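Peer 1: Provide a 3D model corresponding to the input given below.
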Amino acid sequence: MTKNYDTVVIGGGTGGYVTAIKLSQLGHEVAVVEKSSLGGTCLNKGCIPTKSFLKSADVINTMKNADLYGITPQEPSFEMAKIIGRKDEIVNKMQNGIKYLLDKNKVDVYEGTATVLGPSLFSPLAGAVSVSYEDEEKESEILVNDFVVIAAGSKPAELPFMPFDGKVILSSDDLMYLEEIPEKIAIVGGGVIGVEFATVLNAFGADVTIIEAAAQILPTEDKDVAQAVKKSLAESGVTIHTGVKLSSEGVSIKDDSVSLTIGAEEAVFDKAVVAIGRKANTDELGLQNTKVKVDNGVVEVNEFQQTKESHIYAIGDVTSSPQLAHAAIEEGLIAAEHITDNNPLTLNYSNVPRCVYTSPEVASIGPTTEQLKAQNTKFKTHKLPLSAIAKAVIEDGGEGFIKLNVSPSGDILSASLVGANATELINQLSLAKFMDASALELSSAVFAHPSVGEIIKEIGLDAEGIAIHV
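Peer 2: Take a look at the predicted model:
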């Protein structure tokens, strides 16, 4: 059976469904092919469920430290099944919302596996999409189209000597349904995924050890940012090893435990989570049937997300762009606008925020201080403690800081925030940077009092040499 569409989107994750809706709004007949669950990794196994867990962890920590707010603290009791149940309710609610939006925008959804076909009797160009189904009695279908958008996402990357077994060696996906918290757990990888799960598992009562090969956790962030997170995790009881690279000789996996050689010491854990990054889902898409160029597993695209086949586009984790849901969304909007000849703006990746939902939160935008130095960029760094702002002190004692790197002319080059509401405040700096606001303009804006956001005005004042509260 064949059906005709203007565009077929492969993958119904965050980037994919947004792309499909935008294309429909621009007049295309659109189909989405999703082999698992609408919402993709972000909604089902990533951004959203982990933030649900982190909220539960935050409540636990608040109860334990209630004396900071003048309230008698208590040791909370909880059931993982209920915490997982709350997470599932949130995911289901958001998933139903996506289904509603796709239906509202007249986007057809195929729940199957997509394969891109080469030139055939269906199409003189590569790009027709075959959809196969797990139910072998259900006949496969051919979707003939003018354009294809590949939004197939990614999956957790494995270590060859620590393959996922869902029992002792876990992926971040496996943690979504971990009903029994292990007594001792190792997290291999101290990037964003690793430190967020360390925060969660520590709050849930596990003895957590992070093992990171780089010289610092959060290796893509500034040293002082990483140090602030390391200090907080260590104070909460998390053990952190940096500069340690595991090898096959130092790993012994048994039915109910794993032994890891960390430096000169051997440690035994009930479970280990491998959180070393993610791998693009490009292996089984049939891209070998096309002229699409795949390099080291990722699809090469231009600034409009267009591949070497001009009618085939790719967005999100299958490309070399930052593996962030909000980046994938923007790339999808650019692709949709380009497909329909609407002259889109291109994406400046230095304007894409990076967030880490630890305690304290971390958020950054633009190059790190170290990267600016490596680029021989002329800049000056301004840094203020959040304790200068009353609302931040009320929230959590004023822990954390803001840092702004500005050019000699006052342009905002990059910024970092550590502390309460950092992942919300970064959006204000993202907007300012997108609009080419200067430090002077930050200092001239009016911010509500009391609010944690006042720190943004204050850092603007500091960059102008006229800070008030420090």
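Peer 1: give the contact list for the nearest residue in space to Leu43 that is not next to it in sequence.
Peer 2: For Leu43, ignoring the flanking residues on the chain, the nearest one in space by C-beta to C-beta, 6 or more residues apart in numbering is Met94 at 5.6 Å. C-beta coordinates here come from the backbone N, C-alpha and C atoms, glycine included. Contact analysis of Met94 by C-beta atoms under 8 Å, 6 or more residues apart in numbering lists Gly39, Leu43, Ile48.
Peer 1: could you redo the last one with a cut-off of 10 Å?
Peer 2: Contacts here follow C-beta atoms under 10 Å, 6 or more residues apart in numbering; on that basis Met94 touches Leu38, Gly39, Cys42, Leu43, Asn44, Ile48.
Peer 1: and it, how far from Ala264?
Peer 2: For Met94, the distance to Ala264 equals 47 Å [C-beta to C-beta, to the nearest Å].
Peer 1: distance check, the residue nearest to Lys223 when sequence neighbours are not counted against Ala392.
Peer 2: If the residues on either side of it in the chain are set aside, Lys223 comes closest to Gln216, at 6.3 Å by C-beta to C-beta, 6+ apart. With the distance defined as C-beta to C-beta, Gln216 ends up 25 Å from Ala392.
Peer 1: which one's more surrounded, these two?
Peer 2: Shown here are Gln216 and Ala392; by other C-beta atoms under 10 Å, Ala392 has more neighbours (25 against 19).
Peer 1: residue contacts, that one?
Peer 2: 385-386, 398-400, 402, 419-421, 450-455.
Peer 1: in this structure, which residue is closest to the centre?
Peer 2: Centroid-nearest residue in the chain: Leu324, 4.2 Å away (criterion: C-alpha atoms, centre = their mean).
Peer 1: helix or strand for the residue of the chain most remote from its centre, which one?
Peer 2: Of all residues in the chain, Leu121 has its C-alpha farthest from the mean position, at 40.5 Å, by C-alpha atoms, centre = their mean. Of the helices and strands defined by DSSP states H and E, none includes Leu121.
Peer 1: can you check Leu384 too?
Peer 2: strand 380-385.
Peer 1: what mean pLDDT does that strand have?
Peer 2: For strand 380-385, mean pLDDT rounds to 98.
Peer 1: which helices and strands does that strand pack with?
Peer 2: helix 369-374, strand 400-406, strand 412-419, helix 454-463 (3 or more C-beta pairs under 10 Å, 6 or more residues apart in numbering; DSSP states H and E).
Peer 1: can we see that at 6 Å?
Peer 2: Under the contact criterion of 3 or more C-beta pairs under 6 Å, 6 or more residues apart in numbering; DSSP states H and E, strand 380-385 touches strand 400-406, helix 454-463.
Peer 1: let's have those in JSON lines, adding mean pLDDT.
Peer 2: Below are these laid out as JSON lines (pLDDT from 0 to 100):
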{"stretch": "strand 400-406", "mean pLDDT": "98"}
{"stretch": "helix 454-463", "mean pLDDT": "98"}
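Peer 1: of the ones you listed, which is nearest Ile365?
Peer 2: strand 400-406 (10.2 Å; C-beta to C-beta).
Peer 1: taking helix 454-463 as reference, get the angle to that closest one.
Peer 2: 40 degrees (axes from the mean of the first three to the mean of the last three C-alpha atoms, to 10 degrees).
Peer 1: mind listing what's buried along stretch 265-283?
Peer 2: Going by neighbour count (16 or more other C-beta atoms under 10 Å), the buried part of stretch 265-283 is 267, 269-276, 278, 280-282.
Peer 1: sorry, wrong one. I was asking about stretch 177-189.
Peer 2: Leu178, Ile181, Pro182, Lys184, Ile185, Ala186, Ile187, Val188, Gly189.
Peer 1: and which of the contacts of Met94 is nearest Phe304?
Peer 2: Using C-beta to C-beta, the contacts of Met94 come closest to Phe304 at Cys42, 22.9 Å.
Peer 1: what comes into contact with the helix or strand encompassing the closest one?
Peer 2: Using DSSP H and E, Cys42 maps to helix 40-44. Contact with helix 40-44 is made by Gly13, Thr14, Ser37, Met94, Gly153, Ala325, as judged by C-beta atoms under 6 Å, 6 or more residues apart in numbering.
Peer 1: recalculate using a threshold of 7 Å.
Peer 2: By C-beta atoms under 7 Å, 6 or more residues apart in numbering, the residues outside helix 40-44 that reach it are 11-14, 16, 37, 48, 91, 94-95, 153-154, 325.
Peer 1: buried stuff in the helix or strand just after that helix?
Peer 2: Moving toward the C-terminus from helix 40-44, the next helix or strand (DSSP H and E) is helix 47-64. Residues of helix 47-64 classed as buried: 47-57, 60-62 (neighbour count, 16+ other C-beta under 10 Å).
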